[in-house]
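Engineer: I need the structure of the sequence given here:
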Amino acid sequence: QLQLVESGGGLIQPGGSLRLSCAASGVSLEYFAIGWFRQAPGKEREAVSCIGTRGNTDYADSVQGRFILSRDNAKNTVTLQMNSAKPEDTAVYYCGASDICRRHLSTDDFGSWGQGTQVTVSS
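Structural biologist: You can find the predicted model right below:
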């Protein structure tokens, strides 16, 4: 059974960088598309990015050009590099697994969610 664990969250200043990791156990990640979602207080969980099994990536408009998603199947890990962070990036970040990255990323298509990691962007 696939289990995902997020890590790497913390407090960063606006304009700063942070690297989030999604580590898998139980099953090889190579068979799954992995999506990152985030949820701010009082808001619904929203899609951030997705990486397919072939390494193809999609990004939400709000993070395009600032975030970079990559995967290392040998390490069974997906990494979300956050650059040029903004206060509106503050949220709990979650990773989930799916079969493919669909054009419209929805939480309904993902499972095996991790517990999340808190990212706070503030001066």
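Engineer: Can you tell me the SS state at the residue most central in space within the chain?
Structural biologist: Using Cα atoms, centre = their mean, the residue of the chain that lies closest to the mean C-alpha position is residue 36, 2.5 Å off. Under DSSP: H, G, I helix; E, B strand; the rest coil, the three-state class of residue 36 is strand.
Engineer: For residue 44, grab the count of nearby residues.
Structural biologist: Counted by other Cβ atoms under 10 Å, the residues lying close to residue 44 total 8. Heads up, the C-betas are built off the backbone N, CA and C, glycines and all.
Engineer: actually residue 122, not the one I typed
Structural biologist: The tally of other residues near residue 122 (other Cβ under 10 Å) stands at 10.
Engineer: again, but for residue 90
Structural biologist: Residues near residue 90, counting by other Cβ under 10 Å, number 17.
Engineer: wait, isn't it in contact with residue 43?
Structural biologist: No. Here residue 90 lies out of contact with residue 43, judged by Cβ atoms under 8 Å, at a distance of 10.7 Å.
Engineer: where's residue 83 relative to residue 30, distance?
Structural biologist: As defined by Cβ to Cβ, to the nearest Å, residue 83 lies at a distance of 26 Å from residue 30.
Engineer: between these two, who's got more neighbours?
Structural biologist: residue 83 (14 against 11).
Engineer: Quick one: residues contacting the more buried one.
Structural biologist: If you count contacts by Cβ atoms under 8 Å, 6 or more residues apart in numbering, residue 83 has them with 17, 66-68.
Engineer: one more time with 7 Å, if that's ok
Structural biologist: In this structure, residue 83 makes contact with 17, 66-67, judged by Cβ atoms under 7 Å, 6 or more residues apart in numbering.
Engineer: Distance of residue 3 relative to residue 35?
Structural biologist: Applying Cβ to Cβ, one obtains 16 Å for the distance of residue 3 from residue 35.
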